[in-house]
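Colleague: What follows is a predicted structure for the sequence shown.
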Amino acid sequence: MVERVLLAEPRGFCAGVEMAIKALTWMVQVFEAPVYCYHEIVHNAVVVRAFEEAGVVFVDDIAEVPIGRPVMLSAHGSAPEVVEEASLRSSVMVDAVCPLVTKVHHEVRSMSRKGYDIIYIGHRGHDEASGAIAEAPDAAQLVDPREGLGDFSPADPHKVALLAQTTLGLYEWEGVLDDARSQYPELWTARRGDLCYATTNRQTAIEELAAQCDVVLVVGSENSSNTQALVRVATKAGVKAHRVDGPEDVDKVWLDGATTVGVTAGASAPDQQVQSVIDAVAPSKGIHLMRVTTEDEYFPLPPQLRRLMQTIQALVEGSVACSQPREKGPIEHDREFSATSALSVLGV
Ligand code: SF4
């Protein structure tokens, strides 16, 4: 019988996901359905289903967005031609790319302009990897961390850069980095690496937690890269780890003989799902929080959305009530509003 759940902290929503979910919630509140979204807003089945029920249509080809309809681009970052096409087709285009993904796009563009060949370590077919490579397809080559450098062959071995998807496993790409460093001693890499703070913190937490658990449950969806990375980190730490979307996926056989169960969540998994999974585990002696660090990151809503909302606010104040230029509206209070509250507006 499970006696206690060790709950990892930090877990779940990162600042980029918070921003993207809140932004799309504003879109469905402001516009009549359908609102379009290029790619899943975040890689989580529960979040995507909630937005579909609220009138969002997710598309994988920007040409599927009818001319004039509002569109949002996902948090994973989009190819430059997609951003341009979306701006042309749509009356309102909001790019909800995470600023930390934008940083990597910038690095790809900048190193390519300087004449570097780029090793981009990422997972083939992942939206984030596709968007980043598209910034400089002639200079950047996708290298899967499991496959290694393969046929990468730069025009000038003195000008090679190495960049990475933000959500890889902490150690799984170090083999490629070591190989690249030994083959190209002048290798350029981002000073603090490209793995984002949320990926690093969640993996550090699960690593510490795994040592004290009989089994670990990672809440998140199949196509969530950072969720899968958490499962791999826990497994590497020597504990059985299972990914679950929600309580319905918890197999009681996994818990046979376990007294301590670790629970964490990928960066796109809602806390409501984490709570339901804990309820399904039903620990007899309760929940113990294992905090490795405190996160205070906040990413403001996309500038296109802020401008739109401020315009609407000014119109309402100007026409319905007397103008109150010094009073703050909902956009200025955004930091006090969480993605978890936004999802409860949608009924999650
Ligand atoms: S996981 Fe990291 S890069 Fe991805 S959205 Fe969250 S903060 Fe941004």
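Modeller: Happy to help now that I have it. Note that this is a predicted model, so its numbers are computed, not measured. Numbers count the residues shown, from 1 in each chain.

Colleague: Tell me, what's the model's pLDDT at Ser323?
Modeller: In this model, Ser323 is scored at 53, pLDDT.

Colleague: quick thing: my sequence starts at 305, can you match it?
Modeller: Will do, 305 is the new start, and the previous item becomes Ser627.

Colleague: Is Val581 in a helix, a strand, or coil?
Modeller: helix (DSSP: H, G, I helix; E, B strand; the rest coil).

Colleague: State the distance from it to the ligand.
Modeller: 20 Å (Cβ to the nearest ligand atom, to the nearest Å). For the C-beta atoms, the positions are set from N, CA and C on the backbone; glycine is no exception.

Colleague: what about that residue, neighbour count?
Modeller: 24 (other Cβ atoms under 10 Å).

Colleague: Please verify my assumption that it contacts Leu521.
Modeller: Yes: under the criterion of Cβ atoms under 8 Å, Val581 makes contact with Leu521 at 5.9 Å.

Colleague: helices or strands next to the lowest-mean-pLDDT helix or strand in the chain in the packing?
Modeller: Every helix and strand of the chain was ranked by mean pLDDT, DSSP states H and E. The lowest is helix 607-623, at a mean of 84. On a contact count with 3 or more Cβ pairs under 8 Å, 6 or more residues apart in numbering; DSSP states H and E, helix 607-623 meets helix 319-334, strand 397-399.

Colleague: mind listing the helices for this structure?
Modeller: 319-334, 349-357, 384-393, 403-417, 431-437, 478-487, 501-514, 529-540, 575-585, 607-623, 643-649 (DSSP state H).

Colleague: chain center to the fifth one: distance?
Modeller: Averaging C-alpha positions (Cα atoms, centre = their mean, to the nearest Å) puts helix 431-437 13 Å from its chain's average.

Colleague: mind listing what's buried in it?
Modeller: Neighbour counts over helix 431-437 (16 or more other Cβ atoms under 10 Å) mark 431-437 as buried.

Colleague: Check the first one too.
Modeller: Residues of helix 319-334 classed as buried under the neighbour-count rule (16+ other Cβ under 10 Å) are 319-332.

Colleague: what does the fourth one give?
Modeller: By neighbour count on 16+ other Cβ under 10 Å, the buried set for helix 403-417 is 404-405, 408-409, 411-413, 415-416.

Colleague: Which ones, among those residues, also lie beside the ligand?
Modeller: Restricting those to those near the ligand by Cβ under 6 Å from any ligand atom leaves 404-405.

Colleague: Same list, the buried residues of helix 403-417, but as JSON lines with pLDDT please.
Modeller: JSON lines is the format used below for those (pLDDT from 0 to 100):
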{"residue": "Leu404", "pLDDT": "96"}
{"residue": "Val405", "pLDDT": "97"}
{"residue": "Val408", "pLDDT": "96"}
{"residue": "His409", "pLDDT": "97"}
{"residue": "Glu411", "pLDDT": "96"}
{"residue": "Val412", "pLDDT": "97"}
{"residue": "Arg413", "pLDDT": "98"}
{"residue": "Met415", "pLDDT": "98"}
{"residue": "Ser416", "pLDDT": "98"}
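
Colleague: Looking at the buried residues of helix 403-417, which is nearest Thr598?
Modeller: Checking those against Thr598 with Cβ to Cβ, the nearest one is Leu404 at 18.4 Å.

Colleague: now the closest one, nearest residue through space, not along the chain?
Modeller: Spatial nearest neighbour of Leu404, chain neighbours left out: Cys500 (4.5 Å); criterion: Cβ to Cβ, 6 or more residues apart in numbering.

Colleague: I'd guessed the one you found sits against Ala468; true?
Modeller: No: the criterion here is Cβ under 8 Å, and Cys500 misses it with Ala468 at 10.2 Å.

Colleague: Run through the residues that contact the residue of the stretch 305-454 of the chain found nearest the ligand.
Modeller: Nearest residue of the stretch 305-454 of the chain to the ligand: Gly320, at 2.5 Å (Cβ to the nearest ligand atom). Gly320 sits next to 379, 402-405, 500, 502, 571, 603 when contact means Cβ atoms under 8 Å, 6 or more residues apart in numbering.

Colleague: Surely Ser416 and Ala438 touch.
Modeller: No: with contact defined as Cβ under 8 Å, Ser416 does not count as touching Ala438 (11.5 Å).

Colleague: on that earlier part again, would you mark the buried spots in the least confident helix or strand of the chain?
Modeller: For helix 607-623, by 16+ other Cβ under 10 Å, it's 608-610, 612-613, 617.

Colleague: Output those residues as a markdown table; include the columns distance to Asp365.
Modeller: Listed next are the buried residues of helix 607-623 as a markdown table, based on distance: Cβ to Cβ, whole Å:
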| residue | distance to Asp365 |
| --- | --- |
| Gln608 | 21 |
| Leu609 | 23 |
| Arg610 | 28 |
| Leu612 | 25 |
| Met613 | 28 |
| Gln617 | 34 |
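
Colleague: Return the member of those nearest to the ligand.
Modeller: Leu609 (16.4 Å).
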